[in-house]
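Asks: Predicted model and sequence below, questions to follow.
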Amino acid sequence: MPVEKTVISKITWRLMPFLGILYLIAYIDRQNVSYAKLDMVGALGMSEYAYGLGASLFFIGYFLFEVPSNLFLERFGARKWFARILVTWGMVTVALAYTSSPTMFYILRFLLGVCEAGFFPGVLYLLTLWFPSSYRARMVGLFMIFSAIANAIGAPLGGILLDLDGMLGYAGWEWVFIATGVPAIIAGIVTLFYLVDRPEKANFLSVEEKAWLRDTLAAENAGIDDHAGNGLRALLNPQVLLMALCFIGFPLAAYGLSYWLPTIVREFGVSNTVNGFLNIIPWLLVAVSLWAVPAMADKAVTKTPYIVIPAFVGAACLVLSAVVPNHTLQFAFLCIAAAGIFSGQPVFWSLPSRFLKGAGAAAGLAAINSVGNLGGFIAQNVVPWIKDATGSTIAPMFFLAACLTAAGLLVIMTARITARRMAREGTSLA
């Protein structure tokens, strides 16, 4: 259909690069602690475990404020709410450069989670307002590609900033926070003028194009129970709770690997700058897989294999990275593991919007993401604890592999339970 291709193309080019850039900034701000850690631990006199605890407090603030944030977004619109999120998290990131004690670090990391809460599920909700369901996995994949780009950019950037140690009187780890916080503040201001909340407000779509999109989305939502649009009911929806449980293992493995990878690579005996450039490689592979896997899944009837197979491949490679002694092979397996961990997630996120809508979708997506991201809290505490207990930087990969395997098995179990339930109700969640 000509109008369909035109509408999807216009929306994609208008929204996705901009949302992707915002996510790139967000992800760099999340991961900057993994590079700041290399010098900040010694500067503040903290142990690996104590630093991991502080870094992980981000996820507690994120968990507590994720659902309220998304409900405010649904009420006030993405343009204003995303601008607020960006400006406040940028300010807190810059403040981290002036951390003078472990307590201050803990407080600011918690506040960073509070400020950023709602951004990722907010984008997922925004996509349900702009794209028909058959395009969402690809759009989520395209959006998440920017997280891979963020890691690829953040890796050398983190190393280079650390090597600025002493410039203008700031330590290298302080430069990491200043240089990554300021862009978020600027992006928040730009968001107020660029982002469009809903299709009906889009002056880049014609009347005919708006009508096609409105009718297409209305037809899809007509098959969803009206109660699915209730925010409170969505939080108690068994399918939402099951998907939240399933999701924990994915961010746990993702944050565990991305947070710890610079530390593993440093053990190879390389400089900060070389460490950063080496860490570009896994994220380039992740970017490719984030496009390829969702694109294949959108054409398939059954989505589950495109979630669990990458997860199982990732888990196997994490184990292999921990048992082979050769550093080159270790790094190669970790690169493949990163692709496996991330590539199935866009397919996972395309599923909730098939049984949720409106405020229910906003609350449900936020609930799944907030519970799932507790995996980040677990990873950033358990991974350094395992290292301290074993004296090995690679041993934590066994733990990440076990959690990722469990997540894959839970997805299979949940898919079967959900399929039976929806078959009884006469709906479909492939």
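Replies: Looks like it arrived, so ask away.
Asks: Run through the helices of the stretch 151-300 of the chain in chain order.
Replies: For the stretch 151-300 of the chain, the helices defined by DSSP state H, counting those that start in this stretch occupy 172-194, 207-222, 231-236, 238-247, 249-266, 272-278, 280-298.
Asks: would a markdown table of those with mean pLDDT, distance to residue 146 and mean neighbour count be doable?
Replies: Placement of C-beta: from N, CA and C, glycine included. Listed next are these as a markdown table, based on pLDDT from 0 to 100; distance: least, Cβ to Cβ, whole Å; neighbours: other Cβ atoms under 10 Å:
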| stretch | mean pLDDT | distance to residue 146 | mean neighbour count |
| --- | --- | --- | --- |
| helix 172-194 | 91 | 12 | 20 |
| helix 207-222 | 86 | 24 | 14 |
| helix 231-236 | 57 | 27 | 17 |
| helix 238-247 | 81 | 20 | 21 |
| helix 249-266 | 84 | 14 | 24 |
| helix 272-278 | 76 | 18 | 19 |
| helix 280-298 | 88 | 9 | 21 |
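Asks: Go through the ones you listed and name the closest to residue 415.
Replies: Across the helices of the stretch 151-300 of the chain, residue 415 has its closest neighbour in helix 238-247 (9.0 Å, Cβ to Cβ).
Asks: So what's the gap between that closest one and the chain middle?
Replies: Averaged C-alpha coordinates place helix 238-247 at 17 Å from its chain's average position (Cα atoms, centre = their mean, to the nearest Å).
Asks: Can you spell out which helices and strands pack onto it?
Replies: Applying 3 or more Cβ pairs under 8 Å, 6 or more residues apart in numbering; DSSP states H and E, we find helix 238-247 packed against helix 345-349, helix 358-372, helix 396-425.
Asks: would you list the ones you listed in CSV and tack on distance to residue 12, mean pLDDT and mean neighbour count?
Replies: Formatted as CSV, these follow (distance: least, Cβ to Cβ, whole Å; pLDDT from 0 to 100; neighbours: other Cβ atoms under 10 Å):
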stretch, distance to residue 12, mean pLDDT, mean neighbour count
helix 345-349, 15, 88, 27
helix 358-372, 20, 75, 26
helix 396-425, 28, 83, 19
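Asks: hmm, back to that, I'd like to know which of the helices of the stretch 151-300 of the chain is closest to residue 324.
Replies: Closest of the helices of the stretch 151-300 of the chain to residue 324 is helix 249-266, at 12.9 Å (criterion: Cβ to Cβ).
Asks: measure residue 145 to residue 250 for me?
Replies: Residue 145 sits 16 Å away from residue 250 when distances are taken as Cβ to Cβ, to the nearest Å.
Asks: same question, residue 331
Replies: Distance from residue 331 to residue 250, counting by Cβ to Cβ: 22 Å.
Asks: try residue 13
Replies: On the measure of Cβ to Cβ, residue 13 and residue 250 end up 29 Å apart.
Asks: Where do the helices of the stretch 1-150 of the chain begin and end?
Replies: Listed from the start of the chain, the stretch 1-150 of the chain has helices (DSSP H, counting those that start in this stretch) covering 2-44, 48-76, 78-96, 102-116, 119-130, 133-162.
Asks: Tabulate these (a markdown table), appending mean neighbour count and distance to residue 325.
Replies: Output for these, formatted as a markdown table (neighbours: other Cβ atoms under 10 Å; distance: least, Cβ to Cβ, whole Å):
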| stretch | mean neighbour count | distance to residue 325 |
| --- | --- | --- |
| helix 2-44 | 19 | 24 |
| helix 48-76 | 21 | 23 |
| helix 78-96 | 21 | 37 |
| helix 102-116 | 20 | 35 |
| helix 119-130 | 24 | 38 |
| helix 133-162 | 23 | 24 |
